[in-house]
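Enquirer: I need the structure of the sequence given here:
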Amino acid sequence: MKIVIAPDSFKENLTSLEVASELEAGLRRVWPDADYIKVPMADGGEGTVQSLVDATGGRIVKCAVTGPLGQKVLASYGLLGDGRTAVIEMAEASGLPLVPKAERDPLRATTFGTGELVADAINRGVEEIIIGLGGSATNDGGVGFAQALGVRFIDQNGAPFTEPLGGGQLDEIYAIDSRWINPGLARVAISVACDVTNPLTGEKGASAVYGPQKGATPEMVQKLDRNLGHLAALMKRDLHADVAERPGAGAGGGMGAGLLAFANATMKRGVELVVEATKLDEHMRGASLAITGEGRVDFQTAFGKTPSGVAASARRHGVPVIAIGGGLADDANGVFQHGIDAIESATPNAMPLDVAIQKSQQYLRDAAERVARLILVGRQVAAAGVSANAEAAAPQGAADSSKLNGAQAPAFVQPVLQRNKPVRPLLRAKRVKGLTREAVALAQRRRQRLHPSS
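Expert: Okay, here's the model as predicted:
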């Protein structure tokens, strides 16, 4: 039996690989000889790099880059096992956690460091780059990113800006000069893990929706939105890239628009990118069961999160899916309408989060064992149902199998009993259903000897 274990990480607790390993340990208590395939998963957000590195046998690369406010930070990205794909999380170099809460300022924050990570990956000869946009501290429309890759932004005097630009300076740009862009950028295919559809500007744009959580006041939101609008006009004029209304352009403080305009990137749902990168569909072929999970299963689990992507892959191959969550929300049963066949909670009862985290490994093992044992019960119930249906379908007068066991059954009936099919009493039947021709002939000869006159 082949079982695919493809969970997300449990945030601030266990990586996807660690979760998968604990689930395997629990399942082995019931099925010690099954073939287990662990595929660490993610949905394009936090933890995606580690999951894909673990799933493909890749490695982590560290390099010093420019942080959101110009400080140097040590950031990481992943090189996958194929040696040709890099995975970058924007939050590593331009993330909100890198800025103390009291210092958050989207007018100043820049994506320059994310561009430096991309440049480093290009220098290592990669052919594909996957970029996740979650958790950014920035609102610069990807201008800093582009600067790090050689794009020049020209001021009113015709001179290029030499310092990394933030969202508050975009209105000072008079032209975009892309002649100096890193030539390696044209040789790589960039995919953006993006699950939001926000445009670049307006009431649903980057500044209005995400600016406040990055430290923007209402006045700052208005300025940032105007500045992104100005940038979009320059992109259209100078780069022939009309991206402002593209779904996802507002992701990452407008980084979505920047990647579309400067890198000709492709937007995809995060979990779909991970499914492709991990070759999950190949692992699903021939599987009997798929186990997935995340920190908390609720109705939203079915929409763009890791379990939904695993379920979609499993459905393509006719594989049933069970999701194990650290906890279950009241509306978790809603996932049954979206391809997830069953759910289970790792935590056995209500408890503080710190307690659940402390004992998470034990709870995951125990939950996996419970799932396996329930499957065994289901098989037994199904087998009993088949047997009961067979008995109900037997012709009237069929023999009671309990009376045809062991020494009570004539020797010539034994082949039939071994096939577990109800039969008519052979000594009186003119026609015996389910026997071979040889058994019928044997029964007739015995009948002639025992009842010559019949």
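Enquirer: Buried ones in stretch 123-135, by neighbour count?
Expert: Buried residues in stretch 123-135, counted by 16 or more other Cβ atoms under 10 Å: V126, E128, I129, I130, I131, G132, L133, G134, G135. The way it works is simple: take the backbone N, C-alpha and C, and place the C-beta from them, glycine included.
Enquirer: likewise stretch 162-172?
Expert: In stretch 162-172, counting by 16+ other Cβ under 10 Å, buried: P164, L165, G166, G167, G168, Q169, L170.
Enquirer: Show me how far that stretch is from its chain's centre.
Expert: Counting by Cα atoms, centre = their mean, to the nearest Å, stretch 162-172 is centred 36 Å from the centre of its parent chain.
Enquirer: again, but for stretch 225-244
Expert: 33 Å.
Enquirer: now, among the buried residues of stretch 162-172, which is nearest to V99?
Expert: Nearest to V99 among these is G166, at 11.9 Å by Cβ to Cβ.
Enquirer: picking that back up, can you tell me which of the buried residues of stretch 162-172 lies closest to I60?
Expert: Checking these against I60 by Cβ to Cβ gives P164 as the nearest, at 25.0 Å.
Enquirer: how close does the closest residue to T306 other than its chain neighbours get to P348?
Expert: Of all residues not flanking T306 in the chain, D8 sits nearest, at 3.7 Å (Cβ to Cβ, 6 or more residues apart in numbering). Noted for D8: a distance of 21 Å to P348, by Cβ to Cβ, to the nearest Å.
Enquirer: who's more crowded, these two?
Expert: The neighbour comparison of D8 against P348 (other Cβ atoms under 10 Å) goes to D8, with 31 against 13.
Enquirer: For the more buried one, what is the enclosing helix or strand?
Expert: Per DSSP states H and E, D8 falls between elements, in no helix or strand.
Enquirer: residues near T217, how many?
Expert: T217 - counted by other Cβ under 10 Å - has 11 other residues nearby.
Enquirer: My error: substitute N157 in the last question.
Expert: 6.
Enquirer: Could I get the full set of strands for the stretch 101-250 of the chain?
Expert: Assigned by DSSP state E, counting those that start in this stretch, the strands in the stretch 101-250 of the chain fall at 128-132, 152-154, 175-177, 189-193.
Enquirer: Kindly format the C-alpha coordinates of the last one as CSV.
Expert: In this case it means strand 189-193. What follows is strand 189-193, C-alpha atoms only, in CSV (Å, rounded to 0.1, in the frame of the first residue of the first chain):
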residue,chain,number,x,y,z
ALA,A,189,11.4,32.4,-16.1
ILE,A,190,10.0,34.0,-13.0
SER,A,191,6.8,32.8,-11.4
VAL,A,192,5.1,34.7,-8.6
ALA,A,193,3.2,32.9,-5.9
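Enquirer: per-residue confidence averaged over it?
Expert: For strand 189-193, mean pLDDT rounds to 96.
Enquirer: just the first one next, same as before
Expert: Computed over strand 128-132, the mean pLDDT rounds to 97.
Enquirer: Measure how it sits relative to strand 189-193, angle-wise.
Expert: Angle between the axes of strand 128-132 and strand 189-193 is 20 degrees (criterion: axes from the mean of the first three to the mean of the last three Cα atoms, to 10 degrees).
Enquirer: Direction included, what does strand 128-132 pair up with?
Expert: Strand 128-132 pairs in its sheet with strand 85-89 (parallel), strand 189-193 (parallel), by DSSP bridges.
Enquirer: what does the last one contact?
Expert: Where contact means Cβ atoms under 8 Å, 6 or more residues apart in numbering, the residues beyond strand 189-193 that reach it are 43-45, 48, 118, 127-133, 248, 251, 256, 259, 263-270, 273-274.
Enquirer: Would you confirm that the residue nearest to T306 contacts E46?
Expert: No: using Cβ atoms under 8 Å as the test, D8 is too far from E46 to be in contact (10.0 Å).
Enquirer: The residue nearest to A232 when sequence neighbours are not counted: neighbour count?
Expert: In space, and not counting its chain neighbours, A232 is closest to A244: 3.9 Å by Cβ to Cβ, 6+ apart. Look at A244: counted by other Cβ under 10 Å, it has 24 neighbours.
Enquirer: I'd like the distance between A244 and F161.
Expert: Counting by Cβ to Cβ - A244 and F161 are separated by 22 Å.
Enquirer: cool, M255 as well?
Expert: For M255, the distance to F161 - Cβ to Cβ - is 18 Å.
Enquirer: which one of these two has more residues nearby?
Expert: M255 (31 against 15).
Enquirer: For the more buried one, list the residues it contacts.
Expert: Neighbour list for M255: M90, S94, T111, T114, L133, S136, T138, D140, G141, G142, F145 [criterion: Cβ under 8 Å, 6+ apart].
Enquirer: returning to that earlier point: among the strands paired with strand 128-132, which comes closest to V335?
Expert: strand 189-193 (21.8 Å).
Enquirer: how far is that closest one from where the chain is centred?
Expert: For strand 189-193, the distance to the chain centre is 16 Å (Cα atoms, centre = their mean).
Enquirer: Likewise for stretch 134-151?
Expert: Using Cα atoms, centre = their mean, the offset of stretch 134-151 from its chain centre is 27 Å.
Enquirer: Straight-line length of it, end to end?
Expert: End-to-end span of stretch 134-151 (Cα to Cα, to the nearest Å): 24 Å.
Enquirer: switch to numbering from 54
Expert: In the new numbering, first residue 54, that becomes stretch 187-204.
Enquirer: related to what we said a few turns ago, report the separation between the residue nearest to T359 and A174.
Expert: For D61 relative to A174 (Cβ to Cβ), the value is 24 Å.
Enquirer: Need the strands of the stretch 154-303 of the chain in a markdown table (columns: distance to I396).
Expert: Converted to a markdown table, those look like this (distance: least, Cβ to Cβ, whole Å):
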| stretch | distance to I396 |
| --- | --- |
| strand 181-185 | 26 |
| strand 205-207 | 50 |
| strand 228-230 | 50 |
| strand 242-246 | 25 |
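Enquirer: Nearest to L127 among the ones you listed would be which one?
Expert: L127 sits nearest to strand 181-185 of all the strands of the stretch 154-303 of the chain, at 18.4 Å, using Cβ to Cβ.
Enquirer: For D158, which residues are in contact?
Expert: D158 touches L122, V152, G219, G268, counting by Cβ under 8 Å, 6+ apart.
Enquirer: Swap in 7 Å and give it another go.
Expert: Neighbouring residues of D158 by Cβ atoms under 7 Å, 6 or more residues apart in numbering: G268.
Enquirer: how near is the spatially most central residue of the chain to G379?
Expert: By Cα atoms, centre = their mean, the mean C-alpha position of the chain lies nearest to T359, the distance being 2.8 Å. In this view, T359 and G379 are 13 Å apart by Cβ to Cβ.
Enquirer: do E71 as well
Expert: 13 Å.
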